[in-house]
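[1] Structure here, sequence nowhere to be found:
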């Protein structure tokens, strides 16, 4: 077996710490250093007995890793990513790649020109449950995908909005939360050609949206609907149904439905419904619950990053895939603001 891949983590905030935990737990990886100018990050590095650097430049001159996980604030992603590419370092950048499509495209194109791997941190694709769902869809078991539906309903408490930026445009559930759901629906059902959308902020009255609904027009001809709100007390969201993050309650509900001509699939339970004898609403319908082996997708994401660096695998979520998802989110925002059908 090859030696573990040396990885550095830029940004030791909440998500950065989770990446660090998974790097330490994976046999494929070893934590090379932490790059973050804060005293708390330095203390963390000392406690873990790894090198600490206030900047990427300091790190490169003293302890060059084989790859970098970028978990800095969103507005720093492009600059940090460009620095990694310039140094020839493969980078796994937390979603979103950038605050806007133009900057994200520049980052992706720079990576492709340089031949330096760039991955996007849409970790939910790595979930074995999603991998099983994708395998079933690609096998043709659902037949032709006709329609899909996704939900993100939960309630964020009043104190969540005590932080000023969370009340401003760009900090609502469309950009912060829906981007995960759109990425999974794209992964499972194919690219999206156009969107229609409407949004509202009538309850809290902040500049940012709190509820949005949209129609997705897939390239395949399938149609989808997605409903997102952070003002509803509800169990219907990935956070509450997937059991992926222990910070949230785990409920036995669903958040996505994918409908095909031969069967339909409810996610995350992986309940497959079909008429075994005849495709008719008068015929009996049966449920089959598909099985899979549970494993933390953040750890699997680190494993994939290591294999990409070693040249033995392709990215599950490339930089260009992250860009495609960001384009859909941008189209949703423009559609909601204008009331028009917007091409992606």
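    It's in. Quantities reported herein were computed from a predicted structural model and do not represent experimental measurements.
[2] okay, the closest residue to residue 17 other than its chain neighbours: pLDDT?
    Leaving aside its sequence neighbours, residue 17 sits nearest to residue 44 (CB to CB, 6 or more residues apart in numbering; 7.5 Å). Where you see a C-beta, it was placed from the backbone N, CA and C, and this is true even at glycine. With respect to pLDDT, residue 44 scores 97.
[3] got it, and residue 208?
    pLDDT, residue 208: 88.
[4] thinking the residue nearest to residue 17 is in contact with residue 34, fair?
    Yes: with contact defined as CB atoms under 8 Å, residue 44 counts as touching residue 34 (6.3 Å).
[5] Looking at these two, which has the bigger crowd around it?
    Each of residue 44 and residue 34 has its neighbours counted (other CB atoms under 10 Å); residue 34 has more, 24 against 19.
[6] For the more buried one, pull up the helix or strand it's in.
    strand 29-35 (DSSP states H and E).
[7] is it true that residue 330 lies in a strand?
    No: assessed with DSSP: H, G, I helix; E, B strand; the rest coil, residue 330 is helix; it does not lie in a strand.
[8] Name the residues that touch the strand holding residue 34?
    By CB atoms under 8 Å, 6 or more residues apart in numbering, the surrounding residues in contact with strand 29-35 are 4-12, 16, 20, 23-24, 41, 44-45, 48, 50-56, 58-59, 63, 65-66, 68, 302-303, 305-306.
[9] That strand: what's the following helix or strand?
    Sequence order places helix 39-48 as the next helix or strand after strand 29-35, per DSSP H and E.
[10] which other helices and strands contact that following helix?
    Helix 39-48 makes packing contacts with helix 14-25, strand 29-35, strand 51-53 when contacts are defined by 3 or more CB pairs under 8 Å, 6 or more residues apart in numbering; DSSP states H and E.
[11] what's the angle from it to helix 14-25?
    Angle of helix 39-48 versus helix 14-25, following axes from the mean of the first three to the mean of the last three CA atoms, to 10 degrees, is 10 degrees.
[12] Please list the residues outside helix 39-48 that contact it.
    Here helix 39-48 has contacts from 12, 17, 20, 24, 31, 33, 34, 36, 51, 52, using CB under 8 Å, 6+ apart.
[13] Next: stretch 227-237.
    150-156, 172-174, 177-178, 181, 203-204, 210-213, 240-241, 249, 251, 253-255.
[14] quick one: which of those sit in helices?
    Residues of the contacts of stretch 227-237 located in helices (DSSP state H): 173, 181, 240, 241.
[15] The third one and residue 248 touch, don't they?
    Yes: look at residue 240 against residue 248 with CB under 8 Å: they come within range, at 5.6 Å.
[16] Looking at those two, which has the bigger crowd around it?
    Of the pair residue 240 and residue 248, residue 240 is the one with more neighbours under other CB under 10 Å, namely 20 against 16.
[17] ok, the nearest residue to the more buried one once chain neighbours are set aside - contacts?
    Leaving aside its sequence neighbours, residue 240 sits nearest to residue 251 (CB to CB, 6+ apart; 4.9 Å). By CB under 8 Å, 6+ apart, the contact list for residue 251 reads 235, 240, 241.
[18] Quick check: residue 277 vs residue 289, distance?
    To residue 289, residue 277 is 20 Å away according to CB to CB, to the nearest Å.
[19] same question but for residue 131, I mixed them up
    Distance of residue 131 to residue 289, computed by CB to CB: 16 Å.
[20] of the two, who's got more company?
    residue 131 (18 against 9).
[21] was I right about that one contacting residue 292?
    Yes: counting by CB under 8 Å, residue 131 touches residue 292, with 7.4 Å between them.
[22] Quick check: residue 20 touching residue 9?
    Yes: Residue 20 lies in contact with residue 9 (CB under 8 Å); the separation is 5.4 Å.
[23] out of those two, which sits in the busier spot?
    residue 9 (29 against 21).
[24] Can you name the residues that contact that one?
    By CB under 8 Å, 6+ apart, the residues touching residue 9 are 16, 19, 20, 23, 31, 33, 34, 35, 68, 69, 71.
[25] would CSV of those residues with distance to residue 262 and pLDDT be doable?
    Output for those, formatted as CSV (distance: CB to CB, whole Å; pLDDT from 0 to 100):
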residue, distance to residue 262, pLDDT
16, 43, 95
19, 40, 97
20, 44, 98
23, 42, 98
31, 46, 98
33, 51, 98
34, 50, 98
35, 50, 98
68, 44, 98
69, 40, 98
71, 41, 95
